[in-house]
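> Turn this into a structure:
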Amino acid sequence: MRTLEDAIISETQILVDNITRLNDLVTRTNQEEVLQLIEKLRRVEKKMSLVFTFFQASMYSSNIWQQEEQDENTNRPAFR
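I've put the predicted structure just below:
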């Protein structure tokens with residue numbers, strides 16, 4: 001009977017050790033790798049906002065240019 005109890009205690013201790021190692025790995029990953037990923041995502045976000053701003057400016061310029069062309073093709077005076 002004693003050996004069965006020893007085996008259960010031994011397996012339980014192995015399980016506790018594995019859970020502790022897994023917890024340490026998750027903690028280390030959260031502290032190091034996640035912060036690096038967040039920084040990379042921030043840089044991408046800044047670049048995307050810059051590209052979006054240039055895109056909007058380009059579309060605005062294109063729309064103004066098309067409106068001016070339409071105004072020139074009609075007989076009515078252009079509003080300015």
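
> how about the strands in the protein?
In the chain, no strands are defined using DSSP state E.

> in it, which ranges drop under the pLDDT threshold?
Low-confidence segments of the chain (pLDDT under 70): 1, 71-80.

> Let's check: the centremost residue of it is which one?
residue 41 (4.8 Å; CA atoms, centre = their mean).

> Report the separation between it and residue 28.
20 Å (CB to CB, to the nearest Å). Placement of C-beta: from N, CA and C, glycine included.

> Kindly report the same for residue 55.
Applying CB to CB to residue 55 and residue 28 gives a distance of 40 Å.

> and if you look at residue 63?
52 Å.

> cool, residue 6 as well?
Distance from residue 6 to residue 28, by CB to CB: 33 Å.

> Also residue 38?
Applying CB to CB, the value for residue 38 to residue 28 is 16 Å.

> burial count for residue 13?
10 (other CB atoms under 10 Å).

> So which residues of this protein form helices?
Shown for the chain, the helices assigned by DSSP state H span residues 2-72.

> what about residue 61, neighbour count?
Neighbour count of residue 61, defined by other CB under 10 Å: 10.

> In contact with it, which residues?
If you count contacts by CB atoms under 8 Å, 6 or more residues apart in numbering, residue 61 has none.

> what about it, distance to residue 48?
According to CB to CB, residue 61 and residue 48 sit 20 Å apart.

> With residue 38 instead?
15 Å.

> Then residue 39?
Residue 39 is 15 Å from residue 48, by CB to CB.

> And residue 69, by the same measure?
From residue 69 to residue 48 the distance is 31 Å (CB to CB).

> And for residue 54?
Distance, residue 54 to residue 48, by CB to CB: 11 Å.
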